[in-house]
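Enquirer: Quick one, fold the following:
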Amino acid sequence: MIFDWNDLRYFLSVARAGRLTAAARTIGSDHATVSRRITALEGRLSAQLFERSPRGYALTDAGERLLRHAEQIESVAARVHDDIAGERYALSGSVRIGTPDGFGAFFLAPRLGDFATAHPELEVQLVATPQVFSLSKREADIVITLSRPEKGRLISRKLTDYTLHLYGAPSYLKTHPLTDKSQLREHLMIGYIPELIFTPELDYLSLVVGDLVPQFSSSNLFGQLRAIQAGKGIGILPDFMARGAPELVPLLPDEIEITRSYWLQTHQDLRESARVRTAMRFIAEQVSEAKAEFLPEKLGQPTA
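Expert: So this is what the prediction gives:
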């Protein structure tokens with residue numbers, strides 16, 4: 001045997017956690033043992049698998065190649081366990097999910113607790129921030145995006161369409177009524193910081209009010225939501241978020257409606273990973289069950 005197969009467990013833990021202490025905690029060992037097993041594995045393979053730095057452990061090219069093989073072996077082990085033992089394989093390690101802030105923090109976060117409870121040996125990481133995640137650089141194992149990938153070794157599926165409408169708080173509308181789309185430029189608009197919009201699908205305001213720069217802008221969707229709730233202006237929000245703020249009033253819903261889509265993606269190298277497959281299935285099921293939240297029935301505009 002060229003190397004101890006059990007060393008791959010330690011390798012996978014470090015590759016996913018990025019630090020010895022975190023990997024040791026996940027695998028139920030100590031950091032000295034993890035370090036010794038990684039060094040031994042590198043020696044037997046005659047290859048450096050990680051770049052060590054104060055920031056942690058980053059995979060080298062050789063480490064990336066080994067990661068693909070190790071995850072395939074992990075998945076085979078899971079299937080063997082299922083087939084022979086007839087029991088559900090206990091997922092372990094970590095799975096990192098990168099999402100836009102609204103979807104991740106508002107919709108997915110409350111539901112991931114159930115997923116973590118069902119898989120107590122799995123570390124579930126949610127990165128809910130407005131940015132583009134690189135699957136090839138292992139910035140995340142799974143990502144939710146607003147567009148379908150056009151290139152790269154990626155696997156994707158459409159989760160759902162979702163609608164957005166213009167909203168305002170009664171406190172604002174009491175002194176700034178809006179009855180016609182032609183009045184929009186007279187209002188205080190709230191939206192994204194134009195130069196920090198990380199994907200064109202978020203450039204909502206240009207569709208509604210052209211080149212108008214919002215008087216208050218935030219790179220964070222929750223910042224926009226809170227400002228609208230506080231009566232500081234009007235802005236476009238996903239309906240699945242606005243329904244959590246029932247005091248908000250949909251404005252001109254028959255004239256202003258935007259539809260966008262969420263896509264679920266992972267790298268092809270992870271397609272056989274049991275932890276990734278299971279997490280992706282869970283996310284897809286949760287979205288499917290909540291379809292009415294993303295595509296609500298036609299909104300009516302309440303009278304003030």
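Enquirer: Tell me which stretches of this protein form helices.
Expert: Secondary structure of the chain by DSSP state H: the helices cover 7-17, 20-27, 31-45, 61-80, 101, 109-118, 170-173, 205-209, 221-229, 239-242, 274-289, 291-294.
Enquirer: mean pLDDT lowest for which of those helices?
Expert: Ranked on mean pLDDT, the bottom entry among those is helix 61-80, at a mean of 81.
Enquirer: Please spell out which residues along it are buried.
Expert: By neighbour count with 16 or more other Cβ atoms under 10 Å, helix 61-80 contains the buried residues 63, 66-67, 70-71, 74-75, 78. All C-beta atoms are positioned from the backbone trio N, CA, C, and that covers glycine.
Enquirer: what does stretch 261-274 give?
Expert: In stretch 261-274, counting by 16+ other Cβ under 10 Å, buried: 262-267, 269-274.
Enquirer: Output that stretch as CSV, nothing but the C-alphas.
Expert: Output in CSV follows, covering the C-alpha atoms of stretch 261-274 (Å, rounded to 0.1, in the frame of the first residue of the first chain):
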residue,chain,number,x,y,z
SER,A,261,-34.4,33.4,-10.8
TYR,A,262,-32.3,31.5,-8.3
TRP,A,263,-29.9,28.8,-9.5
LEU,A,264,-28.3,26.0,-7.4
GLN,A,265,-24.7,25.2,-8.4
THR,A,266,-21.7,23.1,-7.5
HIS,A,267,-18.5,22.0,-9.1
GLN,A,268,-18.4,18.9,-11.2
ASP,A,269,-15.6,17.5,-9.0
LEU,A,270,-18.1,17.5,-6.1
ARG,A,271,-21.0,15.8,-7.9
GLU,A,272,-20.3,12.4,-6.1
SER,A,273,-19.8,14.0,-2.7
ALA,A,274,-22.5,12.7,-0.3
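Enquirer: what's the spacing between the nearest residue to Ile236 once chain neighbours are set aside and Ile256?
Expert: Closest residue in space to Ile236, ignoring its immediate chain neighbours: Tyr204 at 4.3 Å, by Cβ to Cβ, 6 or more residues apart in numbering. Distance of Tyr204 to Ile256, given as Cβ to Cβ, to the nearest Å: 10 Å.
Enquirer: okay, and the common contacts of the two?
Expert: Ile236 (Cβ atoms under 8 Å, 6 or more residues apart in numbering).
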